[in-house]
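[1] my questions concern the predicted model and sequence given below.
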Amino acid sequence: MKLISQQGREDLAIVYVARSEGGNLVEFVESLHPPKPREEKWILTISTLYGCPVNCTICDAGPFYLGRISKEGMFWQLDKMISGKYPDEHIPVKQLKVHFTRMGEPTFNMAVLDVIKEFDWYWKAPGFMPSISTIAPRGSEKFLDELISLKNEKFMNGRFQLQFSIHTTDSKKT
């Protein structure tokens with residue numbers, strides 16, 4: 001991947017755009033949770049797909065779906081945000097929330113589970129907290145079953161976040 005754009009403020013959020021070797025665009029974001037400083041909470045939000053096949057009318061990731069981002073591509077996004085601030089690979093942040101949700105439905109990419117499993121191979125981050133935001137589409141049962149096992153094995157005591165989103169533009173259902 002190659003970084004092609006970076007916009008934002010260090011004290012709030014920075015949005016990055018990169019282009020894959022195949023020409024696909026990917027967006028990822030680092031942000032803070034004001035008034036908390038980075039040492040307290042740092043949020044890294046990465047894309048898991050190039051676009052999304054779900055095509056929710058309220059989402060900007062569709063209607064073009066161009067495939068899954070590889071494990072290496074997801075690690076590249078993380079490294080681009082982490083290495084500039086913590087080049088020694090030690091991230092002394094109390095809560096390092098990594099959202100797998102920027103672009104694409106994460107349950108459509110089994111490599112998301114590999115990134116979560118292997119995160120500590122690359123960085124020493126005692127505050128690492130994976131966060132999955134999903135609409136839990138039909139066919140995601142295998143991913144979710146493996147995610148539950150991984151969560152129970154490695155992320156106890158509130159060190160994991162799973163968010164189920166129900167999207168609708170129908171005002172009668174809200």
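    Nice, I can see it.
[2] separation between I132 and E105?
    Using C-beta to C-beta, to the nearest Å, one obtains 10 Å as the distance from I132 to E105. To be clear about C-beta, it is placed using only N, CA and C from the backbone, and glycine gets the same treatment.
[3] what sits closest to G104 if chain neighbours are left out?
    L49 (2.5 Å; C-beta to C-beta, 6 or more residues apart in numbering).
[4] my bad, should have said E39
    E39's closest residue in space is V93 (C-beta to C-beta, 6+ apart), at 6.0 Å.
[5] residues near the one you found, how many?
    23 (other C-beta atoms under 10 Å).
[6] ok, the one 10 residues further on next?
    A count of neighbours around M103, defined by other C-beta under 10 Å, yields 21.
[7] residue closest to the middle of this structure?
    Residue closest to the average C-alpha location in the chain (C-alpha atoms, centre = their mean): F100, at 2.3 Å.
[8] residue contacts, M129?
    By C-beta atoms under 8 Å, 6 or more residues apart in numbering, the residues touching M129 are Q95, L96, K97, V98, F155, R159, F160, Q161.
[9] can you select the buried ones from these in ChimeraX?
    Burial among these is assessed by 16 or more other C-beta atoms under 10 Å; the matching ChimeraX selection reads:
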select :96,97,98,160
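[10] where does the prediction get shaky in this protein?
    Counting by pLDDT under 70, the ranges of the chain that qualify are 55-63, 167-170, 173-174.
[11] the strands in it, which residues?
    Along the chain, counting by DSSP state E, strands occupy 2-9, 13-19, 25-32, 41-46, 49-51, 65-68, 95-100, 128-134, 161-164.
[12] as a markdown table, those with distance to L147 would be great.
    Output for the strands of the chain, formatted as a markdown table (distance: least, C-beta to C-beta, whole Å):
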| stretch | distance to L147 |
| --- | --- |
| strand 2-9 | 29 |
| strand 13-19 | 26 |
| strand 25-32 | 21 |
| strand 41-46 | 16 |
| strand 49-51 | 16 |
| strand 65-68 | 16 |
| strand 95-100 | 10 |
| strand 128-134 | 7 |
| strand 161-164 | 7 |
